[in-house]
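J.: Please work out how this folds:
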Amino acid sequence: MLIKGIADSHCHYDDSAFDCDRDNLLDEMLTSEDSAVSLLVHACTDEASALFGIKTAKKYDNFYTSIGFHPECCDRLPENYMEVLERLLEKSRKIVAVGEVGLDYHYDGYDKELQIRLLCDQIQFANKHELPLIFHCRDATADFLEILHRYKPMGVVHCFSGAPEVAKEIVDLGLYMGFTGILTFKNAKKVKKSFCTIPTDRILLETDCPYMAPEPFRGKRCTSDMIEYTAHVGAELIGITPQELVDKARENTMRLFNIKAK
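T.: Down below sits the predicted model:
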């Protein structure tokens with residue numbers, strides 16, 4: 001049975017992996033009556049990425065975007081980044097979030113203090129404009145949780161792969177959790193356990209495409225329709241049908257990002 005109505009709550013179609021067929025792919029997903037995909041939310045990483053999202057959102061009714069600076073942008077962050085965010089926000093009414101923002105201590109040479117300042121500034125910007133945030137956290141859980149407790153923002157922790165107790169703490173703060181194709185990996189026992197502990201009204205499905213392709217496409221380029229495979233695994237874990245999970249995740253995505261049904 002073909003799943004319909006997929007909402008990809010976190011995608012990166014500005015990535016160079018889509019340079020060869022980006023327009024055709026988006027046309028097929030977002031304008032075809034036969035498409036399994038009904039909604040895309042572009043998670044931007046810097047100013048150029050945000051401008052891509054704003055431009056693409058003008059072309060497709062069911063494409064929305066965020067604005068924000070990823071922690072890996074710290075080495076090329078404009079000094080006036082807060083002014084840049086304010087200018088970007090004026091360019092489109094289809095900006096539904098601030099993100100992808102967060103902390104990433106994975107690689108050597110990261111600037112912890114700058115990452116924390118950038119994250120806190122963007123949380124305050126989002127709170128000022130009553131926008132949810134799309135959060136990224138890698139190898140920085142303790143600092144990230146401290147900041148969440150301090151500011152109590154709205155938003156989603158994307159590509160969650162942590163322990164159930166961390167998931168519970170985040171959900172108790174009122175945030176949503178985004179799950180990628182990692183949920184389908186055979187060795188993803190911790191993620192599966194976390195998924196089962198989260199209320200269904202806090203679950204979002206996402207690809208993080210072109211990354212995180214689910215089984216049986218692991219290691220290949222990911223596209224939004226592949227959420228079908230993640231939905232099959234997630235639905236089996238919690239005892240509902242894949243279509244029910246996709247429908248619930250779409251409803252949650254629209255609620256979080258204040259997207260009205262058309």
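J.: what does the lengthiest helix in the chain contact?
T.: If you go by DSSP state H, the chain has its longest helix at helix 112-128. Identification of contacts with helix 112-128 by Cβ atoms under 8 Å, 6 or more residues apart in numbering yields 68-69, 71, 74, 77, 81-82, 85-86, 97-98, 101-105, 132-133, 140, 143, 147, 151, 153-155. Just so you know, the C-beta spots here come from the backbone N, C-alpha and C atoms, and that holds for glycine as well.
J.: after it comes which helix or strand?
T.: Sequence-wise, the next helix or strand downstream of helix 112-128 (DSSP states H and E) is strand 133-138.
J.: Now do the helices in the stretch 51-200 of the chain.
T.: Along the stretch 51-200 of the chain, counting by DSSP state H, counting those that start in this stretch, helices occupy 81-89, 112-128, 141-151, 164-172, 189-197.
J.: Extract the CA atoms of the third one and return them as CSV.
T.: Taking C-alpha atoms only, helix 141-151 is exported to CSV below (Å, rounded to 0.1, in the frame of the first residue of the first chain):
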residue,chain,number,x,y,z
THR,A,141,24.3,17.0,25.3
ALA,A,142,25.1,18.5,28.7
ASP,A,143,25.5,22.1,27.5
PHE,A,144,22.6,21.8,25.1
LEU,A,145,20.2,20.6,27.9
GLU,A,146,21.4,23.4,30.2
ILE,A,147,20.5,26.0,27.5
LEU,A,148,17.1,24.4,26.9
HIS,A,149,16.3,24.6,30.6
ARG,A,150,17.5,28.2,30.7
TYR,A,151,15.4,29.5,27.7
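J.: Which residues does that helix contact?
T.: The contact list for helix 141-151 (Cβ under 8 Å, 6+ apart) reads 102-103, 112, 116, 119-120, 123-124, 127, 135, 137, 162, 166, 169-170, 173, 175.
J.: That helix - what's its average pLDDT?
T.: In this model, helix 141-151 has an average pLDDT of 98.
J.: Check the fourth one too.
T.: Confidence over helix 164-172 (mean pLDDT, whole number) is 97.
J.: Tell me which other helices or strands the top strand by length along the chain touches.
T.: Longest strand in the chain by number of residues (criterion: DSSP state E): strand 95-104. In terms of contacts (3 or more Cβ pairs under 8 Å, 6 or more residues apart in numbering; DSSP states H and E), strand 95-104 is packed against helix 47-59, strand 63-67, helix 81-89, helix 112-128, strand 133-138, helix 141-151.
J.: Only whichever of the contacts of helix 112-128 are buried, select them in PyMOL.
T.: Here is the PyMOL command that selects the buried residues among these (16 or more other Cβ atoms under 10 Å):
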select buried, resi 68+69+71+74+77+81+85+97+98+101+102+103+104+105+132+133+140+143+147+153+154+155
